[in-house]
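Visitor: Build the 3D model from these lines:
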Amino acid sequence: MTVTLFLFASLGCSVSRTQLRSKDSNWLAAQFEQTGHDEQRKWIVEELALRRDPEMIPILCSYTRSNEQVVRQKALRLLNDYAGKEEGIDPTYIELLSSSDGTMRRLAVEGMILRFQMRGEVPYLEEALIRILRSSPRWQERLHAVEVLEWVKSESVPRQLLDVGKSDENASVRAVAVRALGTQRLSTVRKDLYRISQKDLDAAVREEAKRSLQKIGGTLEDVVVAVMPFDTPAKYQDLAAGFRSYLSGRLSSSNIAKVVERGQVQSVVDELIYQDNNINDGKAVEIGKALRASQVVTGNIQVLNGQVVITIKRIDVKTQQILSSAQSSGSYIDFDAVQRHAANAFVESF
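Guide: Numbering: from 1, shown residues only. Here you go, the predicted model:
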């Protein structure tokens with residue numbers, strides 16, 4: 001009797017791959033638990049997956065928790081081969097984002113992205129991923145959640161990604177969130193991305209924000225800005241003209257707004273104010289209207305006792321309200337540094 005049982009067990013463990021194909025799914029699942037042959041366990045996992053039987057999904061999900069690395073990775077790859085069409089895998093995907101096995105985490109990310117691509121909306125996954133962003137203490141788990149949400153078209157997702165891009169304690173997570181906003185081509189986040197590109201403490205995050213802005217395209221503000229000649233004493237007119245060109249170039253390169261070409265501005269200035277170079281706020285608004293600009297930039301440059309002060313204002317043409325301003329001062333002999341600081345402060349105040 002003992003010999004018979006031993007032979008039966010040996011035969012059960014030595015079922016060939018070809019023979020496995022003739023067995024039903026329940027037999028295969030039972031055999032997986034009984035056999036001690038690693039190779040046969042892999043065959044069983046593959047055979048169950050090839051049948052694309054939705055009823056086998058819970059079993060394959062359980063195999064992703066196997067102590068054998070090869071088995072659990074193969075099981076997850078084969079679940080992903082269901083092409084995101086079948087239900088019942090999502091809780092396993094979320095669970096695996098906290099796995100110590102990096103390959104399993106990566107495969108779970110791939111599987112979830114495929115789910116969203118096939119289904120469009122997967123409420124359970126979306127809600128679970130947002131919970132991870134808000135509360136998980138593991139930065140890698142948050143990063144993987146962002147990697148999936150990058151491909152999710154949903155009204156609630158952009159705000160979550162922006163919050164992470166602004167405030168997550170881990171720079172890698174912030175960078176991926178900023179990249180995701182660029183991937184989604186969200187024009188509504190231009191201003192926030194610009195601020196991140198200027199102020200984030202991590203250089204990689206700042207560069208990612210700049211790349212996202214390039215992907216989105218357009219300007220931060222849907223406005224047309226005309227930069228006026230700056231009011232300054234006659235002996236410093238050349239200095240003021242140089243700063244005006246510098247500021248116009250800085251605004252254009254920052255993609256903050258559409259900047260009216262300097263020649264067009266000067267043509268209207270010459271036509272409306274003739275030889276009077278003193279352009280107050282009222283005249284600046286008048287010129288802006290003639291140019292069909294929505295905002296004008298004006299200001300003055302003062303030089304006294306070797307010190308220079310640059311003041312810049314941005315005025316709404318329609319309401320004539322001052323929208324923002326900036327000021328910078330320093331040594332006249334270091335004017336380049338003063339104008340850089342003034343221009344940067346003004347651009348950041350937009």
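Visitor: all contacts plus neighbour counts: C-alpha atoms, from now on.
Guide: Will do.
Visitor: so where's the stretch 101-250 of the chain uncertain?
Guide: Low-confidence segments of the stretch 101-250 of the chain, defined by pLDDT under 70, span residues 218-221.
Visitor: And the strands in it?
Guide: Using DSSP state E, counting those that start in this stretch, the strands of the stretch 101-250 of the chain run over residues 224-227.
Visitor: so where do the helices sit in it?
Guide: Taking DSSP state H, counting those that start in this stretch as the criterion, the stretch 101-250 of the chain contains helices spanning 102-119, 123-135, 139-149, 157-167, 171-183, 190-199, 203-216, 237-253.
Visitor: Deepest-packed of those helices, please.
Guide: For the helices of the stretch 101-250 of the chain, the largest average neighbour count (mean count of other Cα atoms under 10 Å) is found in helix 171-183, namely a mean of 25.
Visitor: which helices and strands sit right next to that one?
Guide: Packed against helix 171-183, as judged by 3 or more Cα pairs under 8 Å, 6 or more residues apart in numbering; DSSP states H and E, are the following elements: helix 139-149, helix 157-167, helix 203-216.
Visitor: Using PDB, write out every CA atom in the first one.
Guide: As requested, the backbone C-alpha atoms of helix 139-149 are provided in PDB (Å, rounded to 0.1, in the frame of the first residue of the first chain):
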ATOM      1  CA  TRP A 139       7.900  57.300  -1.200                       C
ATOM      2  CA  GLN A 140       8.300  54.500  -3.800                       C
ATOM      3  CA  GLU A 141       4.700  53.600  -3.400                       C
ATOM      4  CA  ARG A 142       3.600  57.200  -4.000                       C
ATOM      5  CA  LEU A 143       5.900  57.400  -7.000                       C
ATOM      6  CA  HIS A 144       4.400  54.300  -8.500                       C
ATOM      7  CA  ALA A 145       0.900  55.700  -7.900                       C
ATOM      8  CA  VAL A 146       1.900  58.900  -9.800                       C
ATOM      9  CA  GLU A 147       3.300  56.800 -12.600                       C
ATOM     10  CA  VAL A 148      -0.100  55.200 -13.100                       C
ATOM     11  CA  LEU A 149      -2.200  58.400 -12.600                       C
END
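Visitor: And that helix, what does it pack against?
Guide: Under the contact definition 3+ Cα pairs under 8 Å, 6+ apart, helix 139-149 sits against helix 102-119, helix 123-135, helix 157-167, helix 171-183.
Visitor: And the contacts of it?
Guide: Judged by Cα atoms under 8 Å, 6 or more residues apart in numbering, the contacts made with helix 139-149 from elsewhere in the structure are 97-98, 105-106, 109-110, 112-113, 126, 129-130, 132-133, 136, 157, 161, 170, 172-173, 176-177, 180.
Visitor: That helix: how far from the chain's middle?
Guide: Chain-centre distance of helix 139-149: 12 Å, with Cα atoms, centre = their mean, to the nearest Å.
Visitor: And the second one, by the same measure?
Guide: Taking the mean of its C-alpha atoms, helix 157-167 sits 8 Å from the chain's own mean (Cα atoms, centre = their mean).
Visitor: Report all helices and strands that it contacts.
Guide: With contacts defined as 3+ Cα pairs under 8 Å, 6+ apart, helix 157-167 has these neighbours: helix 123-135, helix 139-149, helix 171-183.
Visitor: okay if I get the ones you listed as TSV plus distance to D222?
Guide: Written out in TSV, the entries for those read as follows (distance: least, Cα to Cα, whole Å):
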stretch	distance to D222
helix 123-135	31
helix 139-149	28
helix 171-183	18
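Visitor: so how far is R134 from R142?
Guide: Plainly put, R142 is 8 Å away from R134 if you go by Cα to Cα, to the nearest Å.
Visitor: K289 too?
Guide: From K289 over to R134 (counting by Cα to Cα), the distance is 47 Å.
Visitor: likewise N280?
Guide: 50 Å.
Visitor: repeat for A108
Guide: In this structure, A108 lies at 20 Å from R134, with Cα to Cα as the measure.
Visitor: Then Q160?
Guide: Q160 is 9 Å from R134, where distance means Cα to Cα.
Visitor: Check K235 too.
Guide: 59 Å.
Visitor: do R206 as well
Guide: Taking Cα to Cα, one finds R206 at 23 Å from R134.
Visitor: Check T232 too.
Guide: Applying Cα to Cα, one obtains 53 Å for the distance of T232 from R134.
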